[in-house]
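> Generate a structure from the sequence data that follows.
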Amino acid sequence: MIVAKTGHPYRVLLRWAGVLSVLGMHVGCSGADKGGPPDREDTQEGSRVDTSSATGAVDTSGETSEGETSDSDSAATVDSGTSDSGTTAELSCDRTVKCSGHYDLNYPSDVYKAQGCTSLDGTIHIRGDKVTDLSALKCLRTVSESVWLYDANAIRSLDGLENLEYVGEDLIFEYVGSLENVDALYSLTEIGRHLKIIDVHNLTSIDGLSSLQRIGEAVRSEEGMISIAGVDVKNLDALSKITIVPGYLILGSLPQLQNLDGLSNIVSVGDLMLDDIPMITNLDGLSKLEEVRGDVIITYNDSLIDTGGLSNLVIVPGGLYIGGNPLMTNIDGFSSLEKVHWDMYIAKNDSLENIDGLNMLGTVEGSVYIYDNESLQNADGLSALSRIDGDVAIYGNSSLVSINEPNEINELYGYIDIYENPALETIDGFSGLEYVNSSVEIRDNPALLDIS
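Next comes the predicted model:
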């Protein structure tokens with residue numbers, strides 16, 4: 001996360017899956033510039049080892065260029081159940097066939113190069129509109145690196161991946177416009193790093209992931225994320241076995257999602273981002289969340305009223321961004337929050353009447369920006385705030401009558417800027433302030449009568 005502050009409104013630049021987006025204007029989790037898997041001009045279709053054939057172990061490790069098959073590789077493929085015509089015969093998965101290499105499956109004939117493999121030390125990339133059938137992959141149980149479908153617009157289902165149990169790095173579906181379900185993934189229990197489902201607009205359910213138990217726990221660092229955006233899913237119940245997300249948990253542009261109940265067992269995430277989920281009214285599905293190790297971003301959720309599901313959070317090690325939630329009347333869900341390690345933005349929440357839910361917040365190690373909240377009447381929720389390491393900007397709050405808090409701050413190392421609050425009458429806050437490193441500017445508040 002990179003935050004750049006301009007003169008007044010803020011811009012949050014979010015680097016996620018190759019997407020550089022803008023908060024404050026809109027995060028826009030879908031419809032971004034396409035990145036996709038890297039082109040591999042030097043793709044090797046790798047080696048194949050059949051460890052249980054009748055004639056003993058067979059090492060067919062001769063390397064082949066993309067689109068070519070060596071005699072030994074061809075023999076192994078036929079032995080695994082491929083007919084001479086390149087179609088799937090009665091494929092048996094009883095044997096262990098270890099394969100390695102990077103498989104770019106862009107044409108139907110490419111898919112048969114991985115037929116019979118039970119484990120793959122490498123990657124599978126599927127791209128373009130030529131591949132429609134993955135049944136040749138029916139023996140595949142483990143992939144050490146990634147499975148990536150990108151712009152693969154002829155695939156309607158993942159039939160053929162029914163035996164896939166483990167993906168060592170990333171499972172990614174991006175811009176797969178024809179994909180209707182992921183039901184074939186019912187055996188998948190672990191993804192070593194990232195799960196990304198981006199702009200798959202015909203996908204209405206992820207129930208096929210209901211066996212998934214772990215994401216990124218092998219690394220337990222910022223690696224390991226869930227990103228779901230631009231999808232018409234109605235629930236996230238398939239994720240109910242997940243307890244830890246080491247990196248980002250990003251949910252955005254989900255017009256049909258009705259609740260977050262499928263996240264009810266998550267206790268720890270890296271960063272939390274909920275953007276443009278217009279049907280959710282509360283965050284109750286996050287009620288077990290005890291730890292966030294980065295930012296909390298809650299933006300542009302048209303029906304969100306209640307933030308109570310976040311009441312276990314005591315520290316936000318990154319920034320706190322609450323913006324563009326037009327029906328949110330309070331932020332009482334942050335009633336346990338004591339410290340924010342970066343900036344705090346509360347902006348463009350039209351129905352927000354108070355910020356009393358922040359009455360335990362003592363420290364913000366960045367800046368505080370409160371602006372364009374049409375119904376906000378006071379800033380009394382900042383009464384416990386004794387330390388701000390950056391700037392304070394309060395502006396454009398058309399119903400704000402008084403700023404009586406905070407009064408416990410002695411020193412401020414940024415500026416104070418209070419302007420364009422047309423109903424503001426009194427400023428009794430900052431009464432304990434003895435030192436400001438930059439400037440204090442109070443202007444364009446036409447009803448202001450008293451500055452104590």
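> how about the residue lying closest to E434 once chain neighbours are set aside, what does it touch?
Distance criterion CB to CB, 6 or more residues apart in numbering; nearest residue to E434, sequence neighbours excluded, is N410 at 5.2 Å. Every residue, glycine included, has its C-beta placed from N, CA and C. By CB atoms under 8 Å, 6 or more residues apart in numbering, the residues touching N410 are 432-435.
> does the residue nearest in space to the middle of the chain sit in a helix, a strand or a coil?
With distances taken as CA atoms, centre = their mean, the residue of the chain nearest its centroid is I250 (2.0 Å). Secondary structure, DSSP: H, G, I helix; E, B strand; the rest coil: I250 is strand.
> If I look at it, what pLDDT would I see?
Here the pLDDT value assigned to I250 is 97.
> What residues are bridge-paired with it?
S227, M273 (DSSP bridges).
> In this structure it contacts V231, no?
No - counting by CB atoms under 8 Å, I250 stays clear of V231, with 12.0 Å between them.
> now the helices for the stretch 251-400 of the chain?
Assigned by DSSP state H, counting those that start in this stretch, the stretch 251-400 of the chain shows no helices.
> Please state the offset of stretch 443-452 from the chain centre?
Its chain's C-alpha centre and that of stretch 443-452 lie 42 Å apart, by CA atoms, centre = their mean, to the nearest Å.
> For it, output the C-alpha coordinates as CSV.
Listed in CSV are the C-alpha atoms of stretch 443-452, where the atom choice follows Å, rounded to 0.1, in the frame of the first residue of the first chain:
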residue,chain,number,x,y,z
ARG,A,443,-10.7,29.5,7.3
ASP,A,444,-14.0,29.6,5.5
ASN,A,445,-16.1,28.5,8.4
PRO,A,446,-18.8,31.2,8.2
ALA,A,447,-20.7,30.3,11.4
LEU,A,448,-17.6,30.1,13.6
LEU,A,449,-18.0,32.3,16.7
ASP,A,450,-15.6,30.9,19.3
ILE,A,451,-12.0,29.6,19.2
SER,A,452,-10.9,28.8,22.7
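> and it, average pLDDT?
Stretch 443-452 comes out at a mean pLDDT of 91.
> Could you check it and say which residues are buried?
445, 448 (16 or more other CB atoms under 10 Å).
> got a list of contacts for it?
For stretch 443-452, with CB under 8 Å, 6+ apart as the criterion, the contacting residues are 418-428, 431, 442.
> want to throw these into CSV with neighbour count and distance to A136?
As requested, the contacts of stretch 443-452 are exported to CSV (neighbours: other CB atoms under 10 Å; distance: CB to CB, whole Å):
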residue, neighbour count, distance to A136
I418, 25, 66
Y419, 16, 65
E420, 17, 64
N421, 26, 65
P422, 14, 68
A423, 15, 68
L424, 26, 69
E425, 14, 74
T426, 16, 74
I427, 22, 71
D428, 13, 73
S431, 13, 74
I442, 16, 70
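> Might you specify the subset of these located within strands?
418-419, 426-427, 442 (DSSP state E).
> which stretches of the stretch 351-452 of the chain have low pLDDT?
Within the stretch 351-452 of the chain, not a single segment meets pLDDT under 70.
> Do a quick rundown of the strands in it.
363-364, 368-371, 387-388, 392-395, 402-403, 411-412, 416-419, 426-427, 435-436, 440-443, 450-451 (DSSP state E, counting those that start in this stretch).
> and I172, which of those is closest to it?
strand 368-371 (34.5 Å; CB to CB).
> which strands and helices sit next to that closest one?
Where contact means 3 or more CB pairs under 8 Å, 6 or more residues apart in numbering; DSSP states H and E, strand 368-371 is packed against strand 344-347, strand 392-395.
> how about these in JSON lines, adding distance to L137 and mean neighbour count?
Output for those, formatted as JSON lines (distance: least, CB to CB, whole Å; neighbours: other CB atoms under 10 Å):
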{"stretch": "strand 344-347", "distance to L137": "46", "mean neighbour count": "25"}
{"stretch": "strand 392-395", "distance to L137": "55", "mean neighbour count": "24"}
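> follow-up on the earlier one: any chance of the ones in strands among the contacts of stretch 443-452 in JSON lines, plus distance to I297?
Converted to JSON lines, those look like this (distance: CB to CB, whole Å):
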{"residue": "I418", "distance to I297": "25"}
{"residue": "Y419", "distance to I297": "26"}
{"residue": "T426", "distance to I297": "32"}
{"residue": "I427", "distance to I297": "30"}
{"residue": "I442", "distance to I297": "30"}
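> among the residues you listed, which two are most distant?
Y419 and T426 (15.5 Å).
> what residue ranges in the stretch 101-250 of the chain score low on pLDDT?
Along the stretch 101-250 of the chain, segments meeting pLDDT under 70 span 217-222.
> quick one: the strands in it?
119-127, 142-143, 147-150, 166-167, 170-174, 190-191, 194-198, 214-215, 225-229, 244-252.
> could I have the last one exported to PDB, CA atoms only?
By that I understand strand 244-252. Listed next in PDB are the C-alpha coordinates belonging to strand 244-252 (Å, rounded to 0.1, in the frame of the first residue of the first chain):
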ATOM      1  CA  ILE A 244      -5.800 -17.300   8.700                       C
ATOM      2  CA  VAL A 245      -5.100 -15.100   5.600                       C
ATOM      3  CA  PRO A 246      -1.400 -14.000   6.000                       C
ATOM      4  CA  GLY A 247      -1.700 -11.300   3.300                       C
ATOM      5  CA  TYR A 248      -4.500  -9.300   1.800                       C
ATOM      6  CA  LEU A 249      -8.100 -10.200   2.100                       C
ATOM      7  CA  ILE A 250      -9.600  -8.200  -0.700                       C
ATOM      8  CA  LEU A 251     -13.300  -8.200  -1.600                       C
ATOM      9  CA  GLY A 252     -14.400  -5.700  -4.100                       C
END
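> How far away from the center of its chain is it?
Using CA atoms, centre = their mean, the offset of strand 244-252 from its chain centre is 4 Å.
> and the angle from that strand to strand 225-229?
Comparing the axes of strand 244-252 and strand 225-229 via axes from the mean of the first three to the mean of the last three CA atoms, to 10 degrees yields an angle of 20 degrees.
> that older thread, among the contacts of N410, which ones are buried?
Buried members of the contacts of N410, counted by 16+ other CB under 10 Å: L433.
> now the contacts of N410 as JSON lines including distance to N325?
Listed next are the contacts of N410 as JSON lines, based on distance: CB to CB, whole Å:
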{"residue": "G432", "distance to N325": "32"}
{"residue": "L433", "distance to N325": "31"}
{"residue": "E434", "distance to N325": "36"}
{"residue": "Y435", "distance to N325": "35"}
